[in-house]
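**Student:** Structure for the following, please:
(one chain, ligands or ions: 1)
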Amino acid sequence: MDVFNKAIEKMGPLGQWASQVHGYFTFPKLEGDISNRMVFQGKERLVWSLNNYLGLANHPEVRKADADGAATYGLALPMGARMMSGQTDLHEQLEQELADYVGKESAYLLNYGYQGMVSVIDTLLDRKDVVVYDSEAHACIIDGLRMHLGKRYVYPHNNMESFRKQLERATNLSKETGGGILVITEGVFGMSGDLGKLDEIVAMKKDFNFRLLVDDAHGFGTMGPTGAGVGEHFGVQDGIDVYFGTFAKSMASIGAFVAAPKEIITYMMYNMRSQIYAKSLPMPLVVGALKRLELVRNHPELRDKLWIIANALQQGLKERGFNIGNTQSPVTPVFLNGDTAEGANLSYDLRENFNIFCSVVTYPVVPKGVIILRIIPTAVHTLEDVSYTLDAFSKIKDKLDKGIYATGKIVNVF
Ligand SMILES: Cc1ncc(COP(=O)(O)O)c(C=O)c1O
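**Tutor:** Next up is the predicted model:
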């Protein structure tokens, strides 16, 4: 048997559609400056699918900092891993500023959010430890847990009754193993937009002994009075023991960080495999992140604008009878009923006839019969964009209800 056979015989749950959708629904090319309007297949579209929450991607000060960083340092510097030859003052400065912003003692930079989170989990746990985590945790949390040699308990998404039960089981088991308990959840769940119940989880620290790790990828910069995340939003930031944020969303860059008490960060610096065995974050990304963080901290009007757009969009959708689930963040899912073909055909109509580009999610990513249009508002959208989109959504919903997209096959996008 050839290991390559699987690529020929079964392309996987998503890959099976590749020949029909590649380049249009999957791997589409959005061109031009990152903004509310970008070019897709030669035509300008209103784009609602980028996590550029605060509009920093194309902010003139950000563009200048990125260019200056590249001109001054190039991409090579620093060479080597942080521990060996990749340490700089600016890496340390960025870490301290990030730690201050999210109200933790120390922070450590990660090259990517995904691999960083995998490694954070791996570093925090040994085989005696027990994990309790939310069933809708992001792939990077699941993959971090794949490396865990000890026991884990999952609770149905945000179900606090089950959470308590799993904590009880974890407590009993940890007494046997002699390990500790790590609870892992997210600040904002990126697909549904609802929040991890951090207030209730932190309150359980009264009854149980555990540490809390929060992946706040979507909450960092967008949630809470100063943008310090979902912990700040709930007033429980201190109850988060290990805070994780990425630069890939509100900061519109690459890289991530973990923030925690100083001794935990020092422990990570000497034990986290993703950083010990990988080259340090390049200088232009560090310089660019410092500028972005300065804007995130000092320009609350960017966050205000994001929320004006998000609220108008969510309010408008609700008024028109759309089901947007239980979002409490800018992430705006629109839940519709239909099969994969209807989802694709509807999305094609939105793109080609309304010039609206947003992400569509259908089976097998979500259960059969569910279509999710996922809209990400940003500070560079306008209220006109919102009202245009609301009208368009009403029209496509009408067509969906009339069965117009139910052709039984995916539209030929080529
Ligand atoms: C909840 C969550 N965690 C982690 C990540 C990974 O971050 P990055 O894109 O920096 O690798 C993402 C990004 O999709 C995310 O949504």
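
**Student:** and the residue of the stretch 301-414 of the chain found nearest the ligand, how many residues sit next to it?
**Tutor:** In the stretch 301-414 of the chain, the residue that lies nearest the ligand is Val331 (9.6 Å; CB to the nearest ligand atom). To be clear about C-beta, it is placed using only N, CA and C from the backbone, and glycine gets the same treatment. Val331: 25 surrounding residues under other CB atoms under 10 Å.

**Student:** Need the nearest residue in space to it, chain neighbours excluded.
**Tutor:** Among residues not flanking Val331 along the chain, Gly193 sits closest, at 3.3 Å (CB to CB, 6 or more residues apart in numbering).

**Student:** give the contact list for the residue of the stretch 301-414 of the chain closest to the ligand.
**Tutor:** Shown in contact with Val331 (CB atoms under 8 Å, 6 or more residues apart in numbering): Val188, Phe189, Gly190, Met191, Ser192, Gly193, His218, Arg374, Ile376.

**Student:** Dihedrals phi and psi, it?
**Tutor:** phi -60, psi 120 (degrees, to the nearest 10).

**Student:** And for Val154?
**Tutor:** According to degrees, to the nearest 10, Val154 has phi -110, psi 140.

**Student:** tell me the contacts of the residue of the chain found nearest the ligand?
**Tutor:** Of all residues in the chain, Gly113 sits closest to the ligand, at 2.4 Å by CB to the nearest ligand atom. Residues in contact with Gly113 (CB under 8 Å, 6+ apart) are Cys140, Ala217, Phe244, Thr246, Phe247, Ala248, Gly255, Ala256.

**Student:** ok, those residues vs Ala81, which is closest?
**Tutor:** Gly255 (14.9 Å; CB to CB).

**Student:** Surely the closest one is in contact with Leu281?
**Tutor:** Yes - the pair Gly255 / Leu281 is scored as a contact, 5.2 Å apart, by CB atoms under 8 Å.

**Student:** okay, the two: which has more neighbours?
**Tutor:** The neighbour count for Gly255 versus Leu281, taken as other CB under 10 Å, is higher for Leu281 (26 against 22).

**Student:** so the more buried one sits right up against Leu109, yeah?
**Tutor:** Yes - with contacts counted by CB under 8 Å, Leu281 reaches Leu109, the gap being 5.2 Å.

**Student:** list residues touching both of those two?
**Tutor:** His91, Gly255.

**Student:** returning to that earlier point: strands - which of the contacts of Gly113 land there?
**Tutor:** Members of the contacts of Gly113 lying in strands (criterion: DSSP state E): Phe244, Thr246, Ala256.

**Student:** Kindly reformat the residues you listed as a markdown table containing pLDDT, neighbour count and distance to the ligand.
**Tutor:** Supplementary listing: the ones in strands among the contacts of Gly113 in a markdown table, determined by pLDDT from 0 to 100; neighbours: other CB atoms under 10 Å; distance: CB to the nearest ligand atom, whole Å:
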| residue | pLDDT | neighbour count | distance to the ligand |
| --- | --- | --- | --- |
| Phe244 | 98 | 29 | 7 |
| Thr246 | 98 | 26 | 4 |
| Ala256 | 98 | 30 | 5 |
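
**Student:** Near Tyr270, how many residues? Count them for me, please.
**Tutor:** Neighbours of Tyr270 (other CB under 10 Å): 11.

**Student:** Could you list the buried residues of the helix or strand containing it?
**Tutor:** Secondary structure assigned from DSSP states H and E places Tyr270 in helix 262-271. Neighbour-count burial for helix 262-271 flags Ile264, Ile265, Met268, Met269 (criterion: 16 or more other CB atoms under 10 Å).

**Student:** mind giving me CSV with those and columns for pLDDT and distance to the ligand?
**Tutor:** Shown next, in CSV, are these (pLDDT from 0 to 100; distance: CB to the nearest ligand atom, whole Å):
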residue, pLDDT, distance to the ligand
Ile264, 98, 19
Ile265, 98, 19
Met268, 98, 17
Met269, 98, 19
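
**Student:** if we can go back for a sec, got a list of contacts for the helix holding Tyr270?
**Tutor:** Under CB under 8 Å, 6+ apart, the answer for helix 262-271 is 82-83, 105-108, 120, 123, 241-242, 258-260, 275-276.

**Student:** Quick check on the closest residue to Val236 other than its chain neighbours: phi, psi?
**Tutor:** Spatial nearest neighbour of Val236, excluding adjacent residues (CB to CB, 6+ apart): Val202 at 4.2 Å. In terms of degrees, to the nearest 10, the main-chain angles of Val202 are phi -60, psi -40.

**Student:** Would you confirm that Val202 contacts Gly235?
**Tutor:** No - using CB under 8 Å, Val202 makes no contact with Gly235, being 9.4 Å away.

**Student:** out of the two, which sits in the busier spot?
**Tutor:** Set side by side, Val202 and Gly235 show more neighbours around Val202, with 21 against 13, by other CB under 10 Å.

**Student:** quick revisit: may I ask which two of the contacts of helix 262-271 are separated the most?
**Tutor:** Met83 and Asp241 (23.7 Å).

**Student:** per-residue confidence for the closest residue to Met272 other than its chain neighbours?
**Tutor:** Nearest non-adjacent residue to Met272, counting by CB to CB, 6+ apart: Thr123, 4.6 Å away. Thr123 is assigned 98 on the pLDDT scale.

**Student:** try Val365
**Tutor:** So Val365 comes in at 81 (pLDDT).
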